[in-house]
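K.L.:
sequence and computational prediction follow.
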Amino acid sequence: MLDEPFTGLSPLLKENVQKLVLNFRNSKSILISDHDYHNVLEISDQIILMDNGACRKLAKKEELEMFYVPEGTCEP
């Protein structure tokens with residue numbers, strides 16, 4: 001379980017954390033809780049948003065715009 005692993009890290013260290021998660025995800029279950037959703041989305045197999053005390057499973061990252069981030073945030 002990683003709680004806000006990207007907070008306070010330089011871009012290079014954030015990339016290193018992402019690589020570590022990607023290296024271990026086939027052999028370990030990894031739960032990441034973070035408001036820095038850009039870094040989390042890049043390495044996630046599944047997205048679950050906590051919304052008003054409930055867990056909401058999202059089928060695609062664009063659904064974050066419906067519940068959490070400003071519209072247009074997830075556009076390419």
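P.N.:
Looks like it came in fine.

K.L.:
which element is the most centrally placed residue in the chain on?
P.N.:
The centre of the chain sits closest to residue 40, judged by CA atoms, centre = their mean, with a distance of 2.4 Å. For residue 40, the host element (DSSP states H and E) is helix 37-41.

K.L.:
next one: residue 64
P.N.:
With DSSP H and E as the test, residue 64 turns up in helix 64-67.

K.L.:
so which other helices or strands are in contact with that helix?
P.N.:
strand 47-51, strand 54-58 (3 or more CB pairs under 8 Å, 6 or more residues apart in numbering; DSSP states H and E). All C-beta atoms are positioned from the backbone trio N, CA, C, and that covers glycine.

K.L.:
return the set of buried residues in the longest helix seen in the chain.
P.N.:
For the chain, the longest helix by residue count, based on DSSP state H, is helix 11-24. For helix 11-24, burial by neighbour count (16 or more other CB atoms under 10 Å) applies to 14, 17, 18, 21.

K.L.:
do stretch 50-58 as well
P.N.:
Buried, per 16+ other CB under 10 Å, within stretch 50-58: residue 58.

K.L.:
how close does the residue of the chain most remote from its centre get to residue 65?
P.N.:
Ranked by distance from the centre of the chain (CA atoms, centre = their mean), the top residue is residue 27, with 18.9 Å. Distance of residue 27 to residue 65, computed by CB to CB, to the nearest Å: 33 Å.

K.L.:
for residue 8, same thing?
P.N.:
In this view, residue 8 and residue 65 are 26 Å apart by CB to CB.

K.L.:
next: residue 1.
P.N.:
The separation that residue 1 has from residue 65, given CB to CB, amounts to 27 Å.

K.L.:
ok, the two, which is more surrounded?
P.N.:
Between residue 1 and residue 65, residue 65 has the larger neighbour count (other CB atoms under 10 Å), namely 14 against 8.

K.L.:
that one: what's its closest spatial neighbour, skipping adjacent residues?
P.N.:
Leaving aside its sequence neighbours, residue 65 sits nearest to residue 71 (CB to CB, 6 or more residues apart in numbering; 5.1 Å).

K.L.:
kindly report the same for residue 55.
P.N.:
residue 48 (5.2 Å).

K.L.:
so the one you found bridges to which residues?
P.N.:
Counting by DSSP bridges, residue 48 is bridged to residue 57.
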